[in-house]
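In: mind looking at a prediction? Sequence and model below.
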Amino acid sequence: MELKDFIGNHKVVHSLISWLTDYFDGNVDKRYCVLYGDSGNGKSILLKLLADYFDAELFVVTPDDIRSEQDLDNIIKSLNTKSLFVDRKIVGIDDLDEFPSHFIKKLILINSIYPIIYTSKTLSLDNDFKNNSFKIVKKAIDKDGSERIVKQELLVLNKPLSSEVLTHLKGISDLPEETLERIAKESQSFRSAILSLHNTAVNDLVNPEQTGKEFLDSIKGRRLKRSLNRNDVRYIFDSIRGYGRGELTVMSKFAEWDYKCKVQFEEIDEFLVNNMKEPIQEIELKYRYIDNNSKPKKVEKPKVEEKKKEVTIDGWI
């Protein structure tokens with residue numbers, strides 16, 4: 001797939017091409033871009049296509065890459081390293097909204113000599129960006145020591161037009177046109193439309209259900225998206241491994257929340273979990289599966305050997 005094959009959002013793609021062209025030509029008024037949109041409409045793949053288009057190295061940072069302050073510092077230090085193979089480089093901070101809040105503050109203030117594209121799917125255009133650090137114009141220090149204002153670009157990546165989705169579906173599927181029209185209109189994203197071709201039912205599942213590991217990773221990474229109920233708290237408590245000082249303080253906090261859930265019938269808000277002072281990001285969370293349906297094995301009593309009776313002439317008679 002090439003950039004010209006990207007479905008929909010032609011104005012957004014044109015703006016990105018124009019901005020990056022100016023940047024690589026030496027016009028660097030805008031150092032970074034915020035690419036906002038719902039999941040499934042091509043934010044991540046667009047980064048790769050842009051890198052291929054400009055023959056640039058793509059340096060992508062995802063929430064799974066950063067688990068500690070040390071990880072974050074190491075990545076920031078490596079952003080400005082030059083590629084061994086190409087002269088150009090694009091930095092992509094993917095799914096910014098899924099990073100812990102204290103990491104976001106550092107990520108949006110990165111001082112990079114290369115263009116940065118942030119992607120996000122949950123930050124509100126009306127509220128968050130008005131009060132977010134993205135709206136604060138950054139000051140860059142040039143090589144000669146002079147200060148220069150650094151501007152940002154905010155672009156919205158929407159679901160492609162239904163007509164564009166339909167045209168694409170016709171080229172890759174033999175389903176009846178009526179079915180394809182329904183899928184193109186009712187699907188919430190371009191990705192969901194593609195997935196719907198397998199069973200002809202509209203796939204509305206944009207964010208699939210988390211696995212146990214993904215759930216624990218969201219807790220440890222301080223990017224929980226929902227409140228915790230009684231079962232969640234117990235699940236996390238049983239997942240804590242080790243008995244160091246950090247582990248014990250985290251255990252104590254979840255024991256406190258367990259009491260609130262069981263006795264006071266409360267749920268624990270995700271804000272409290274993501275901003276807890278206990279070092280949840282430093283401990284190991286690994287759930288141990290327990291099969292409650294398995295029956296315990298019967299413990300067999302050791303057999304006691306009977307003493308052999310002595311055979312005598314008197315006993316025989």
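Out: Done, it's in.
In: what comes up buried for the longest helix anywhere in the chain?
Out: In the chain, taking DSSP state H as the definition, the longest helix is helix 245-262. For helix 245-262, the neighbour count (16 or more other CB atoms under 10 Å) marks 246, 247, 250, 251, 253, 254, 257, 258, 261 as buried. The way it works is simple: take the backbone N, C-alpha and C, and place the C-beta from them, glycine included.
In: which residues sit in contact with the residue nearest to the second one when sequence neighbours are not counted?
Out: What that stands for is residue 247. Of all residues not flanking residue 247 in the chain, residue 283 sits nearest, at 5.1 Å (CB to CB, 6 or more residues apart in numbering). Counting by CB atoms under 8 Å, 6 or more residues apart in numbering, residue 283 makes contact with 220, 240, 241, 242, 244, 246, 247, 250.
In: please repeat the previous calculation with a cut-off of 6 Å.
Out: 246, 247, 250 (CB atoms under 6 Å, 6 or more residues apart in numbering).
In: if we can go back for a sec, can you list the buried residues of helix 245-262 in CSV and add distance to residue 191?
Out: Shown next, in CSV, are the buried residues of helix 245-262 (distance: CB to CB, whole Å):
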residue, distance to residue 191
246, 39
247, 39
250, 36
251, 40
253, 37
254, 35
257, 36
258, 38
261, 36
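In: hmm, back to that, save the contacts of residue 283 as TSV, and put in pLDDT too.
Out: Formatted as TSV, these follow (pLDDT from 0 to 100):
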residue	pLDDT
246	90
247	91
250	92
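In: which of these lies closest to residue 154?
Out: residue 250 (37.6 Å; CB to CB).
In: what about that closest one, distance to residue 85?
Out: 44 Å (CB to CB, to the nearest Å).
In: same check on residue 15?
Out: 28 Å.
In: between these two, who's got more neighbours?
Out: Taking other CB atoms under 10 Å, residue 15 and residue 85 do not tie; residue 15 has more neighbours (14 against 7).
In: and that one, what does it touch?
Out: Residue 15 touches residue 155, counting by CB under 6 Å, 6+ apart.
In: so it sits in a strand?
Out: No. Using DSSP: H, G, I helix; E, B strand; the rest coil, the secondary structure at residue 15 is helix, not a strand.
In: domain assignment for this protein?
Out: 3-156, 159-207, 212-285 (automatic domain parsing).
In: pretty sure residue 164 contacts residue 8?
Out: Yes. Counting by CB atoms under 6 Å, residue 8 is a contact partner of residue 164 at 4.9 Å.
In: compare the two (neighbour count), which wins?
Out: residue 8 (20 against 16).
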